[in-house]
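> mind folding the following:
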Amino acid sequence: MSFLYPSFLLALAAIAIPVILHLIQLRRAKRVEFSNVQFIQVSKDLTASQRNLKEVLILISRIFFIIFLVLAFAQPFLPASEAGAPTDTSQVTIAVDNSLSMQNLHEEEDLSLLTVAVDQAKQILNLFPSTAAISINSNVNSSRAATVSATEAVTALDVLDYSARPVIPPLVTLYPAAPSSEHVFVLSDFQRSSFQPAMLDHLDSTKQYHLVPLRAESTSNVFVDSVYLEDEFIRSNGENVLHVRLYNAGDNAIEDCPVKLVINEEQIAALSIDLPPNQATDAMIGFSSRGGGVKEAYILVEDYPVEFDNAYYFVLAPSGNIKITEVTNSVSSPLQRLYSNEPLFQTTRFTTGNIDYSRLGTSDLIVLQGLEEIPSTLVSTIADFVKGGGSVVVIPGTSSQSSSYTALMQALAIPASYTATAPNAPRTALLAPDQSNPFFRSIFSDYDTKMQMPAAVRSLVWSRSSSDILKYRGGAPFLSRFDRGQGQVYLMAAPLQEAQNELISHALFVPVMYRLAISSYRQEQQIAYRLSGGTISVPVVEKGGREGIYKLVRDSAEFIPEQQVRGGRLIFTTPADMAEAGFYTLRLNEIDVTSFAFNYDKSESFLEQYSPSELKHFAGADQENVHVYAYGDTFSVKGEFEKRFFGVKLWKYCLILCLIFLMAEIALIRFL
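Predicted coordinates:
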């Protein structure tokens, strides 16, 4: 034990004062004569014994009163356990994790983790002198927090709100606003999904880092992982199926979790789902897209207390026309008549001698129909088109050159070969389509396994593919899909000549060719995006005259993203300041262009935390400037910090003991 002002110990000589007073009061008692001496003597002995004990206790109380009063002025303390730690407290940084996961409840208090973190931060402020420069940092302002006074720091803590940014920025850069901070406090739940333990390996050795973990009552959470449409092609007043993936991030199963589908603020469907622990569960919701225009929709689940991820937002935008380009030298192609009957399809026809290659790249589907020879330029263009995400249908001719098809198949990396067949070559009947194949979903109203199937020759031959749509009897493929990069290639084994392919006059021909066209449609924009950033590309109509700036608007808030327009498409980056999930309108010169749905990053929904022991292990024994505090309330953190860096101040306890002995003296005089 040491003393801050040891010179005050000289005042302990004042102990002699009560001792002298006690000795002076020791005088002989007066003799009193009384008739019954025997009883008086007994009474006299008993009173003297009590008086002597009382005076000794009073003397002891006075002595200890003086001793502890002197010690209070001398201010004794136990030295700090961190002897080598800096004690400069002129700069202090307090970083409070205000990510959305801090909505969770604290283990010991019926308060959110953010509320408890703010309360602890205020208690930490009391550890430092009022002249200290305080920097309050959060997930939002970590790169621009300024030093303020203690009063201003309390105000900054009171207005702290949740942020969509998932975690406090790397501790390596904590914090450029206060480069000379001696003490840096980090109050967080230290999520496993977002906190990077490797940050602790590169900390500034001149600073003292204090990691204060907050323990949540539970890490259970239910959230919508993702949604997608069974049919990407959205038709007005058409039927569709929404696939919803729900995730139960808790250790306990949840029964009858309510799930709702809302479109344009109208509840369309509701169901209850049982969710096994720590895994995803898929559900399907059928709905009808009524009317035209862009529709704002969301999936809603009920879960408490973490509610930021209870809703998953998405938009349903009617699909545009499907652009089909047919390359054929046939004067009367059956595909032209087929697709021109449906206003949904926008068809273009080229012969091999007058191909507009610039328009090929804007197509959704390219059909090579009955070509005898495929130009080398067209081969390379088709390969690039498929690599970029396009779809191609290859239908051979009756007397095509095998070398042309060999070059095309090599460019597309498809193991197929062409063999010319005579007009009167024997035909093989096809098998009935597999009803479970997704390609034929919703095509048959009444499926008959004994339906009469067409027959066809086999000019294009291949053995394996990504998916076989139709087959010959015997198992050989007739119509197959090959996935190549982001695009798809469909091969048909026989030419579109009735003498060699009866499919052209069969009832299956129209739905099969329509489904090929519809499945090639590329949605212009995703139904939902993440707030965590990324580049978004959407088509826009370029108009002459003065250029405008595209904005993302939600209610009264406007955000201007980094943007550029290239080739009729707007390419922009999600603004970092967009912090709230929901619907945003893309606007140009006060004119609405389209709508987007943004959702929170799903990693924030996994609430599992690193424990103090794990954080200590990550820091390692050699990092003496990193201090990890155990779970506890504000006072335990405050007391442990004082013990480490300021030592244990005992003058308060001396003052309390001084008052106790003073009250003891008063009680002895009054009641004994």
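> just the helices in the stretch 551-672 of the chain please.
Using DSSP state H, counting those that start in this stretch, the helices of the stretch 551-672 of the chain run over 612-619, 634-641, 651-671.
> no, scratch that, I was asking about the chain
With helices called from DSSP state H, the chain shows them at 16-24, 37-74, 113-125, 150-158, 334-340, 357-360, 376-387, 402-412, 509-519, 612-619, 634-641, 651-671.
> so which elements touch the fourth one?
Contact analysis of helix 150-158 by 3 or more Cβ pairs under 8 Å, 6 or more residues apart in numbering; DSSP states H and E lists helix 113-125, strand 133-137 as its packing neighbours. For every residue, glycine as well, the C-beta is placed using N, CA and C.
> any idea which of those is most buried?
Mean neighbours per residue, mean count of other Cβ atoms under 10 Å, is largest over the helices and strands packed on helix 150-158 for strand 133-137, with a mean of 24.
> other SSEs contacting that one?
Checking 3+ Cβ pairs under 8 Å, 6+ apart, strand 133-137 ends up next to strand 91-96, strand 147-148, helix 150-158.
> okay, those in JSON lines with distance to Ala528 and mean neighbour count next?
Below are the helices and strands packed on strand 133-137 laid out as JSON lines (distance: least, Cβ to Cβ, whole Å; neighbours: other Cβ atoms under 10 Å):
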{"stretch": "strand 91-96", "distance to Ala528": "30", "mean neighbour count": "25"}
{"stretch": "strand 147-148", "distance to Ala528": "40", "mean neighbour count": "17"}
{"stretch": "helix 150-158", "distance to Ala528": "34", "mean neighbour count": "16"}
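> which one of these lies nearest to Gln435?
Nearest to Gln435 among the helices and strands packed on strand 133-137 is strand 91-96 (58.1 Å), distances taken as Cβ to Cβ.
> quick one: strands adjacent to that closest one?
The strands beside strand 91-96 in its sheet (DSSP bridges) come out as strand 133-137 (parallel), strand 183-188 (parallel).
> can I get it as CSV, trimmed to CA atoms?
These are the backbone C-alpha positions of strand 91-96, laid out as CSV (Å, rounded to 0.1, in the frame of the first residue of the first chain):
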residue,chain,number,x,y,z
GLN,A,91,-7.1,11.2,-25.0
VAL,A,92,-9.8,8.5,-24.7
THR,A,93,-11.7,6.7,-27.5
ILE,A,94,-15.0,4.9,-26.8
ALA,A,95,-16.3,2.7,-29.7
VAL,A,96,-19.8,1.5,-29.4
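> for that strand, give the mean pLDDT please.
For strand 91-96, the per-residue pLDDT values average out at 87.
> hmm, back to that, out of the helices and strands packed on helix 150-158, which is closest to Pro612?
In terms of Cβ to Cβ, the element of those nearest to Pro612 is helix 113-125, at 14.5 Å.
> in stretch 486-504, what's buried?
Residues of stretch 486-504 classed as buried: 487-497, 500-504 (neighbour count, 16 or more other Cβ atoms under 10 Å).
> wait, which of those residues is closest to Ala411?
Ala411 lies nearest to Val489 out of the buried residues of stretch 486-504, by Cβ to Cβ, at 10.5 Å.
> my guess is the closest one contacts Gly390, does it?
No - taking contacts as Cβ atoms under 8 Å, Val489 lies outside contact range of Gly390: 9.5 Å.
> for the closest residue to Arg464 other than its chain neighbours, grab phi and psi.
What sits nearest to Arg464 in space, not counting adjacent residues and going by Cβ to Cβ, 6 or more residues apart in numbering, is Pro415, at 7.1 Å. Note on Pro415: its backbone torsions stand at phi -80, psi 80 [degrees, to the nearest 10].
> what sits against the closest residue in space to Pro18 that isn't next to it in sequence?
On the basis of Cβ to Cβ, 6+ apart, the spatially nearest residue to Pro18 that is not a chain neighbour turns out to be Arg62, at 3.8 Å. For Arg62, the contacting residues are 18, 661, 665, by Cβ atoms under 8 Å, 6 or more residues apart in numbering.
> gap between Arg62 and Ile17?
Note on Arg62: its distance to Ile17, by Cβ to Cβ, to the nearest Å, is 8 Å.
> what touches both of these two?
In terms of Cβ under 8 Å, 6+ apart, Arg62 and Ile17 are not both contacted by any residue.
> okay, now the unreliable bits of this structure?
For the chain, the stretches with pLDDT under 70 are 4, 25-48, 50, 79-89, 142-145, 166-181, 541-547, 632-648, 672.
> chain neighbours aside, what residue packs nearest to the residue nearest to the spatial centre of it?
The centroid of the chain falls nearest to Asp601 when counting by Cα atoms, centre = their mean (2.7 Å). If the residues on either side of it in the chain are set aside, Asp601 comes closest to Ser532, at 4.2 Å by Cβ to Cβ, 6+ apart.
> tell me the phi and psi of the one you found?
In this entry, Ser532 is assigned phi and psi values of phi -70, psi 0 (degrees, to the nearest 10).
> ok, how many other residues are close to the residue nearest to Gln564 when sequence neighbours are not counted?
For Gln564, the nearest residue in space outside its immediate sequence neighbours is Ile571; the separation is 5.6 Å by Cβ to Cβ, 6+ apart. Residues near Ile571, counting by other Cβ atoms under 10 Å, number 16.
> then the one 10 residues further on?
The number of residues packed around Ala581, counting by other Cβ under 10 Å, is 23.
> and it, how far from Val327?
Going from Ala581 to Val327 by Cβ to Cβ gives 45 Å.
> go on, Gly320?
Gly320 is 22 Å from Val327, where distance means Cβ to Cβ.
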